[in-house]
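> Got a sequence here, can you build the structure:
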Amino acid sequence: MTNKQQILAKRPVGMPDADTWTLTTTEVRELKEGEVLIQNHYVSLDPAMRGWMNDARSYIPPVELGEVMRAGTVGIVVKASNHPKYKVGDVLTGWGGVQQYTITNGEGYYPVDTNLAPMPMYIGTLGMPGMTAYFGILEVGKIKEGDVVLVSGAAGAVGSVVGQIAKIKGCKVVGIAGGADKCKYVTEELGFDACIDYKNGDVAEGIKEHCPKGLDVYFDNVGGEILDAALGRLRMHARIVICGAISQYNNKENVKGPSNYLSLLVNRATMQGMVVMDYAPKYREAAQQMGMWMMEGKLKSREDIYEGIENFHDTFQRLFTGEKKGKLVLKVIEE
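Got it, this is the predicted structure:
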């Protein structure tokens, strides 16, 4: 049995090019006692992956050169060697990497029920992006009914869920997205109150128009100038959730920090970073709640699925070009 893998070949400067990874084919080794072999069906593509390629101190060690590219996965156990928890046929999600097969002792993997939701949803709304949205807006953003909430990256995997949760909790929600089509999706399909098109308008003016009394919560997925614009419209005791800064990930120079940061002082506001892994013990609770909202028709999930492990680079680029809606997923199983 052979396994196709995307191996990190070099550390990119700026946007990763096709030579950043090498597609290799290896033989799948025999299992040791207590291991399982998972056939990965779907791989999660997330903006955070760009940071994991840098040889820099972060919340998680970088991917080493010569290693399989780190990524979330969902797949089926096809072999097991006396594993205490998992057997052939179990569907598991975890950090399987960009490869067709993963051998693991099961540590860090979670079983999922495909009778309740399809596999890709478990690396989307019911997976890491959904958990990020849930804990980011509820525990870090501390939203309450009546809050005015601004969400950047509103058509993406995290932002789309953040805004919907805020609406469920009785907030006014304004999104920021790129292009009329995405803004229409955010308002008409996801139910945001308004959406600012950063590609075809002035973001600061848009915030002023749709949030005339200012912001209580800003959920930031992009950083850069949009973060600065949001800082200029804070209300007293506002909360800013720093989830990501996709506008800065491919910079060839230093990250551009906010110049309006004194607004935090004036408005006694807080700006806090969040990493979803900190909330791992509570994932099940969050998934159950979001599953309930989905059954009630209050929460929508969208997966943008592309096929072929050999197309990993081209699909990965969609994270940064904006050519996708919802959760970006790569199907790697060959049928």
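> Number of residues surrounding residue 28?
When neighbours are counted by other Cβ atoms under 10 Å, residue 28 registers 17. For every residue, glycine as well, the C-beta is placed using N, CA and C.
> Leaving out the residues flanking it, which one is nearest to it?
Counting by Cβ to Cβ, 6 or more residues apart in numbering, residue 28 lies nearest to residue 1, which is 4.4 Å off, once chain neighbours are set aside.
> Residue 72 now?
Nearest non-adjacent residue to residue 72, counting by Cβ to Cβ, 6+ apart: residue 44, 3.7 Å away.
> Per-residue pLDDT of that neighbour, please?
Note for residue 44: predicted pLDDT of 96.
> That one pairs with what?
residue 329 (DSSP bridges).
> okay, now it: neighbour count?
Residue 44 has 27 neighbours, counted by other Cβ under 10 Å.
> Next, the closest residue to residue 153 other than its chain neighbours: phi, psi?
Nearest residue to residue 153 in three dimensions, chain neighbours excluded: residue 221, at 3.3 Å (Cβ to Cβ, 6+ apart). Backbone torsions of residue 221, given as degrees, to the nearest 10, read phi -110, psi 0.
> show me what contacts residue 221?
47, 151, 152, 153, 156, 158, 159, 243, 244, 245, 246 (Cβ atoms under 8 Å, 6 or more residues apart in numbering).
> want to throw the residues you listed into TSV with secondary structure?
Formatted as TSV, those follow (DSSP: H, G, I helix; E, B strand; the rest coil):
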residue	secondary structure
47	coil
151	strand
152	strand
153	coil
156	strand
158	helix
159	helix
243	coil
244	coil
245	coil
246	coil
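> Out of those residues, which is nearest to residue 332?
Nearest to residue 332 among those is residue 47, at 19.5 Å by Cβ to Cβ.
> show me the contacts for residue 58.
Taking Cβ under 8 Å, 6+ apart as the test, what residue 58 contacts is 51, 52.
> try the one 5 residues further on
By Cβ under 8 Å, 6+ apart, residue 63 lies in contact with 8, 52, 53, 69, 70.
> Tell me who's in contact with the fourth one.
Okay, so that is residue 69. Contacts of residue 69 were listed using Cβ under 8 Å, 6+ apart, and they are 6, 7, 8, 21, 49, 63, 97, 98, 312.
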